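# Here is a sequence together with a model predicted from it:
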Amino acid sequence: MSAVGPGAKDDVLNRIAQAHRLAPPPDLAYGDITRDYRTTSELSNEELVERLVDRLLDYKASVRQCRPSELPTAVAAAIAERGARALVVPADLDPDWLRKVTVDVRPDGPDVAGRLSVAELDSLDGVVTGCAVAVAETGTLILDGSVGMGRRVITLIPDYHLCVVRAEQICADVPQALAQLEPTRPLTMISGPSATSDIELNRVEGVHGPRTLEVIVVREDPPVDPEVALVGDTPADKVA
């Protein structure tokens, strides 16, 4: 171990003291807390889409982009390429999204009597939902249990989650996202497929949520290049 210079200790202590001087006083009233963090963004919607896609890919999710009129085809293609045979969807999911889907689709009922059990959910191949807000900076999809999102449990047990995000639902950062959400709702924040690692940094996927996350970004002007419109682990030559 290399020796520490005689001034190193003083340097560290001085920095700690400086940090304490800059910290707010312990008796600072809640209403006096400075909230000068960013609440707006100068990024265009196209730039927000690009940033979200970049973050999602970095988290090992798959992404495809399509126009609103192409969404039923994109959903059907994603499910077919996944090889899924049975899916769960929220009971209030827009039926037009599934218009071209040919596999078994099981709605999760809005009341206790119609809800699927944990065992039933575990037997299904995936889930299709919408989202409330998507955060471009962090690559996070936020579901709040409202229309088209269903109960939290249906997005945690199936191995595959296909999430539809409209371009206008994408915001720049977390403060902007929270400003659009009702904090008393059951918020589920998803940043890529479920994954963790042990002490030796061996990555394990699907521990506390879906092993595979695929996102369809719906926008009026998706990329023309199929390899840009469809990126991630899904084959680009199978674009519908």
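Okay, I see it. Numbers count the residues shown, from 1 in each chain.

# Quick one: classify residue 15 as helix, strand or coil.
Under DSSP: H, G, I helix; E, B strand; the rest coil, residue 15 falls in the helix class.

# any idea of the pLDDT on it?
With respect to pLDDT, residue 15 scores 93.

# could you say what helices and strands the helix or strand harbouring residue 20 packs with?
Assessed by DSSP states H and E, residue 20 sits inside helix 8-22. Taking 3 or more Cβ pairs under 8 Å, 6 or more residues apart in numbering; DSSP states H and E as the contact definition, helix 8-22 has no neighbouring helices or strands. For the C-beta atoms, the positions are set from N, CA and C on the backbone; glycine is no exception.

# Start at 25, not 1
Okay, residue one is now 25; in that scheme the one you just asked about reads as helix 32-46.

# Quick one: mean pLDDT for the helix or strand just after it?
Going down the chain from helix 32-46, the next helix or strand is helix 69-82, by DSSP H and E. Across helix 69-82, pLDDT averages out at 94.

# Show me what the next helix or strand after helix 69-82 pairs with in its sheet, parallel or antiparallel.
Next helix or strand after helix 69-82 toward the C-terminus (DSSP H and E): strand 86-90. Sheet pairing of strand 86-90 (DSSP bridges) gives strand 236-242 (parallel), strand 254-255 (antiparallel).

# For the residue nearest the centre of the chain, give me its contacts.
Nearest to the mean C-alpha position of the chain, counting by Cα atoms, centre = their mean, stands residue 165 at 2.6 Å. Residue 165 sits next to 155, 157, 158, 159, 187, 189, 213, 214, 215, 239 when contact means Cβ atoms under 8 Å, 6 or more residues apart in numbering.

# out of those residues, which are buried?
155, 157, 158, 159, 187, 189, 214, 215, 239 (16 or more other Cβ atoms under 10 Å).

# The third one falls within a helix, correct?
What it means is residue 158. No - Residue 158: not assigned to a helix; according to three-state DSSP it is strand.

# Relative to residue 137, how far out is it?
Separation of residue 158 from residue 137 (Cβ to Cβ, to the nearest Å): 33 Å.

# Which of the strands paired with strand 86-90 has the lowest mean pLDDT?
Across the strands paired with strand 86-90, strand 254-255 has the smallest mean pLDDT, namely a mean of 69.

# Quick one: the contacts of residue 165 as CSV, columns for distance to residue 34 too.
Output for those, formatted as CSV (distance: Cβ to Cβ, whole Å):
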residue, distance to residue 34
155, 52
157, 48
158, 48
159, 42
187, 53
189, 52
213, 43
214, 47
215, 41
239, 51
